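>>> Make a model of this:
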Amino acid sequence: MKNENILLTGGGVVTPQKMLKSSDVVIDDGIIKMVTSEEGSKPDKAATVIDCRGKFVFPGFIDVHTHGGAGFDFKDEDEKAYDALSAYYYRHGVTSVLATLVPLSHELLFLAVRKLATYLKRHRDDSNIVGIHLEGPYINRTMSGGNKKEYIEAPDPKEFRKVLEAGEGFIRLMTVAPELKGIPEIISEARKAGVEIALGHSNADAPTTSDAISLGASQVTHLFNAMPGLHHRKTGILSEALLSDSLDAQIIADGIHVNPDIIRLAVRIKSPDHIMLITDSMRAAGLPDGEYDSAGNTVRVVDGVSRMSDGTLAGSTLPFENGVALVAGFKGIDLPALSRMASTTAARSIGIAEQTGSLEAGKKADIVVLDETFKVALTMKEGDIKFRGE
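Next up, the predicted model:
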């Protein structure tokens, strides 16, 4: 229960600056009261004590770009699907999720946004689904990736305002291609509504990308994917994303979408304070190989890799903690840096860093406890235990 007093004791507590060995996290009424390495720390009232010796205590993971898992997708427009997805993310240590919607037909997009907004209003205080990420529909058809080209649209401020209205303030992030005619007006409308802008599915040149940043774009969607590669004589969205401190970069850390050494290179260039790990997972995540729907396309998952019939990667089946484990193996990445990439950067990027994203006194007790192999042992949302491993 959120009003329970809890003592997580003896774990390696990972704060943004350092790891505190054999330390305690004191939780009162769902809020972190104290993080300490001093012996004898106690809550004000009788507490449930959870032994975390031999384990890592991290801030709950934050995934700003995920479409689904466990057989469900956020475009399913079904509250039972949202409940199942919420449980799926808790199993993998994710305490804050942006429900990511692919380009859909007008009717289906409005319906999906409205259904999610209704759900979020009802569960704003007890769900890890905290908002909506629109991946499109204003993206470049030539960089569509696993999305259906027929649902990718030219920017239309009037239609966009209808989508914003349907979202009732829950749309937190939108991916756009900055080179499209009319995007500056879309960015302006979005920023006035408090929606963060990510640049992606784009072949924009560097000046166009820079112009979008000056208008308020603050993220880049799945860095390296669905954008032209780096060229030593031609700058573009990728070079600008790597160089600009104004852009936080999402990276799919499955080792397939981006080679691990390239992830290391990106982290070295941008620092952990401007990199956020994402899954871009689709409904096949957590399920066996086979054929599945992804963004309205039939894809085949082989050895955990989801591809369209032409070989194009179509989302991932990545559990969030596996991406964390991959990056944990990088030389030069310590656990505090890892926690910033898994939680803190994303929290700041979508405007929730004052409440969550790091283990600090006064913040919500959104916590994941990991064993030495980075397997999830326990997930807690505002002091409420949502998942316990074996």
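>>> C-alpha only now, for contacts and for neighbours.
Noted.
>>> What distance do you get for Lys381 to Ser22?
Using C-alpha to C-alpha, to the nearest Å, we find Lys381 at a distance of 22 Å from Ser22.
>>> can you list the weak-confidence ranges in the protein?
1-3, 39-46 (pLDDT under 70).
>>> what are the ranges of the helices in it?
Ranges of helices in the chain, per DSSP state H, are 79-91, 106-123, 157-167, 183-192, 206-215, 237-243, 260-270, 320-328, 335-339, 345-349.
>>> quick revisit: Lys381 and Ser22: which has the busier surroundings?
Lys381 (26 against 19; other C-alpha atoms under 10 Å).
>>> quick one: contacts for the more buried one?
Gly30, Gly60, Thr95, Asn128, Lys364, Ala365, Asp366, Ile367 (C-alpha atoms under 8 Å, 6 or more residues apart in numbering).
>>> I figured the second one hits Gly357, correct?
Yes - checked against C-alpha atoms under 8 Å, the pair Gly60 and Gly357 is within contact range at 6.8 Å.
>>> which residues do the two both contact?
What both Gly60 and Gly357 touch, as defined by C-alpha under 8 Å, 6+ apart, is the set Ser343, Asp366.
>>> still on that earlier bit, can you list the contacts of Lys381 in TSV and add distance to Gly200 and neighbour count?
Listed next are these as TSV, based on distance: C-alpha to C-alpha, whole Å; neighbours: other C-alpha atoms under 10 Å:
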residue	distance to Gly200	neighbour count
Gly30	36	23
Gly60	26	30
Thr95	25	30
Asn128	25	27
Lys364	31	26
Ala365	33	33
Asp366	29	30
Ile367	30	28
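>>> any idea how far Thr36 is from Lys18?
From Thr36 to Lys18 the distance is 12 Å (C-alpha to C-alpha).
>>> more neighbours, these two?
Comparing Thr36 with Lys18 by other C-alpha under 10 Å, the one with more neighbours is Thr36, at 17 against 13.
>>> circling back to that earlier point, quick check: of the contacts of Lys381, which lies closest to Ile269?
Looking at those and their distance to Ile269, the nearest is Gly60, at 25.5 Å (C-alpha to C-alpha).
>>> got a list of what the closest residue to that closest one other than its chain neighbours touches?
Leaving aside its chain neighbours, Gly60 sits nearest to Ile367 (4.2 Å; criterion: C-alpha to C-alpha, 6 or more residues apart in numbering). Residues in contact with Ile367 (C-alpha under 8 Å, 6+ apart) are Val57, Phe58, Pro59, Gly60, Phe61, Gly93, Thr95, Leu359, Thr379, Met380, Lys381.
>>> quick one: which of these has the most company?
Busiest of the contacts of Ile367 [other C-alpha under 10 Å] is Phe61, holding 34 neighbours.
>>> contacting residues for that residue?
With C-alpha under 8 Å, 6+ apart, Phe61 has these contacts: Gly93, Val94, Thr95, Ser96, Phe320, Ala342, Ser343, Gly357, Ile367, Val368.
>>> Check these and tell me the two furthest apart.
Phe320 and Gly357 (15.0 Å).
>>> out of these two, which sits in the more crowded spot?
Taking neighbours as other C-alpha under 10 Å, Phe320 and Gly357 compare with Gly357 leading, 32 against 27.
>>> Look up how far Val305 lies from the more buried one.
29 Å.
>>> And for Asn225?
For Asn225, the distance to Val305 - C-alpha to C-alpha - is 15 Å.
>>> before we move on, what about Asp83?
According to C-alpha to C-alpha, Asp83 stands 25 Å off from Val305.
>>> Which one's more surrounded, these two?
For Asp83 versus Val305, neighbours defined as other C-alpha under 10 Å are more numerous around Val305 (20 against 15).
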